[in-house]
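# sequence and predicted structure below; questions after.
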Amino acid sequence: MELQINGRPVTVEWEQNAATAALRRLLAQGPLTVTAEPYGGFEVVGGLGRTLPADDAQTTTQAGDIVLYNSEDIVVFHGSNTWAYTRLGHITGMDAAALRGLFGTGAVELALS
């Protein structure tokens, strides 16, 4: 799977779980673009438009973590939070400052293929 944030490809280490398997099957039908909005000063959140299998566990996230929230929202972190999420992956090679710069201050386009 590939992820672009605001048109820029990022390297992701994807988890091997039921949620990412379902996401792969979904993307086999075609690419998906999600508009994610800033939330809480530490993440962007966008609806997938469908649910994925969740295996939520109490998690403390780090910058670069990609998680599933409420079985239907994709969340990308540029900060940290503790909540029950299903891990999807982690963006490598970018720190929190680089991610904040990539996200900007408004809506963020997440393109998955």
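Received it, and whenever you're ready, just let me know what you need.

# which neighbouring elements make contact with the top strand by length along the chain?
Counting residues, the longest strand found in the chain (DSSP state E) is strand 82-92. Using 3 or more Cβ pairs under 8 Å, 6 or more residues apart in numbering; DSSP states H and E, the elements in contact with strand 82-92 are strand 8-14, helix 18-27, strand 57-60, strand 65-69, strand 73-77. The C-beta positions use only the backbone N, C-alpha and C, and glycine is treated the same way.

# mind doing that once more with 7 Å?
Other helices and strands packing on strand 82-92, by 3 or more Cβ pairs under 7 Å, 6 or more residues apart in numbering; DSSP states H and E, are strand 8-14, helix 18-27, strand 57-60, strand 65-69.

# reformat these as JSON lines; add distance to residue 83 and mean pLDDT.
What follows is the helices and strands packed on strand 82-92, written out as JSON lines (distance: least, Cβ to Cβ, whole Å; pLDDT from 0 to 100):
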{"stretch": "strand 8-14", "distance to residue 83": "20", "mean pLDDT": "98"}
{"stretch": "helix 18-27", "distance to residue 83": "16", "mean pLDDT": "97"}
{"stretch": "strand 57-60", "distance to residue 83": "7", "mean pLDDT": "96"}
{"stretch": "strand 65-69", "distance to residue 83": "8", "mean pLDDT": "98"}
